[in-house]
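A.B. asks: 3D, please:
(one chain, ligands or ions: 1)
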Amino acid sequence: MNIKQAATDNPILKLLAERWSPYGFDDRPVPEADIRSLFEAARWAASSYNEQPWNYLVATKDNPQEFERLLSCLVETNQAWAKAAPVLVLGVVSLQFAKNKQDNRAAVHDLGLAAGNLLVEATVRGLSVHQMIGILPDKAREVYHIPEHYEAWTAMAIGYKADPAKLADALKERDLAPRQRRPLGKFVFAGQWGQPSLLVLKRNA
Ligand SMILES: Cc1cc2nc3c(=O)[nH]c(=O)nc-3n(C[C@H](O)[C@H](O)[C@H](O)COP(=O)(O)O)c2cc1C
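C.D. replies: Numbers count the residues shown, from 1 in each chain. The predicted model follows:
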C-alpha cells in the first residue's frame, strides 16, 4: 500500500484517503483547462448566505515574473519548496458581507470549504495541492493592492507531486513520512466535552 494513503478506521472515499500535501513537485505544467476546473470547483462550494467570500490570485511558472511576485508573498520556509510547483494561488477572503458591511463570521470557514472543493477536484485530476498559512499578508496587500476588508489568508502550491526518490533528503523525509491523525474518539464527543461518543468507539467492519 502507498505509505501516504490514510490508514482509516472506517471506510471513506478513495480520493479522500489518497489525498496528501506533498513538499516535492514535478516541473510538469498543469493544463489551463485543469486550472479552470479547480476554480470552478471552488466556485460551487457552499457558503454562509451564499456570500462566496473567496477570491484568488493565481500565477503560473509560464510567467516567471508573476510567479516570483506571488512567491514573494510566502514566508521563506514555504518559498523554499513551493517555488518548485508550477502553480501558486493566494486565497484572499472578504471579511464583510457585501450587502450590509457586517462582519462575516463564516468567511474564513467558507474560504476553507472552497479549498476543500478545489482539493477534491485536484485529486481526481491527479494533481496535488499543498496549502499554506505561512504567507505575508501585508506584503500581499502591497504587491496586489488588496482592498480594505479583504485579507490574504492562505496560499496553495498546485502541481504534480514529485517522485520522492528524486528529492533532497529534507523534503524526501517529509514526503515519505506516514500521515497521522487523532482517532475519532479524541474529537467526536457526546454528553459532555471530552467524552467520546459511543458512536465512534465502534468501527465499521
Ligand atoms: C490551512 C492550512 C495551512 C497550512 N499551512 C502550511 C504551511 O504554511 N506550510 C506547510 O508546510 N504546510 C502547511 N499546511 C499543510 C499541513 O501541514 C498538512 O495538510 C498536514 O500536515 C496534514 O498533511 P496531509 O495534508 O498530507 O494529510 C497547511 C494546511 C492547511 C489546511
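A.B. asks: By residue count, tell me the biggest helix in this structure.
C.D. replies: helix 107-124 (DSSP state H).
A.B. asks: For that helix, give the mean pLDDT please.
C.D. replies: What helix 107-124 shows for mean pLDDT is 98.
A.B. asks: I would like the residues contacting that helix, please.
C.D. replies: Contact with helix 107-124 is made by 15-16, 18-19, 37-48, 51-54, 91, 93-95, 128-129, 131, 153-154, 156, 158, as judged by Cβ atoms under 8 Å, 6 or more residues apart in numbering. C-beta coordinates here come from the backbone N, C-alpha and C atoms, glycine included.
A.B. asks: helix or strand for residue 91, which one?
C.D. replies: strand 87-94 (DSSP states H and E).
A.B. asks: Do that strand and the ligand come into contact?
C.D. replies: No - judged by Cβ under 6 Å from any ligand atom, strand 87-94 stays clear of the ligand, getting no closer than 8.9 Å.
A.B. asks: Please name every helix or strand in contact with that strand.
C.D. replies: In this structure, strand 87-94 makes packing contacts with strand 54-60, helix 64-71, helix 107-124, helix 137-144, strand 150-159, judged by 3 or more Cβ pairs under 8 Å, 6 or more residues apart in numbering; DSSP states H and E.
A.B. asks: of all these, which lies closest to the ligand?
C.D. replies: Distance to the ligand, taken as Cβ to the nearest ligand atom, is lowest for strand 150-159 among those, at 5.1 Å.
A.B. asks: Tell me which helix or strand comes right after that closest one.
C.D. replies: Past strand 150-159, the next helix or strand by DSSP H and E is helix 169-176.
A.B. asks: CA-only coordinates of that next one, as PDB, when you get a sec.
C.D. replies: Below are the C-alpha coordinates for helix 169-176, written out as PDB (Å, rounded to 0.1, in the frame of the first residue of the first chain):
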ATOM      1  CA  ASP A 169      16.800  14.500   1.900                       C
ATOM      2  CA  ALA A 170      14.900  17.000   3.900                       C
ATOM      3  CA  LEU A 171      11.900  17.000   1.500                       C
ATOM      4  CA  LYS A 172      12.200  13.300   0.800                       C
ATOM      5  CA  GLU A 173      11.800  12.500   4.500                       C
ATOM      6  CA  ARG A 174       8.600  14.600   4.800                       C
ATOM      7  CA  ASP A 175       7.100  13.200   1.600                       C
ATOM      8  CA  LEU A 176       7.800   9.600   2.800                       C
END
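A.B. asks: Okay, now stretch 18-27: how far is its last residue from its first?
C.D. replies: Length of stretch 18-27, first residue to last, Cα to Cα, to the nearest Å: 21 Å.
A.B. asks: Check stretch 13-23 too.
C.D. replies: 23 Å.
A.B. asks: about what we covered before: adjacent strands (with direction) for the strand holding residue 91?
C.D. replies: Its sheet considered, strand 87-94 pairs with strand 54-60 (antiparallel), strand 150-159 (antiparallel) by DSSP bridges.
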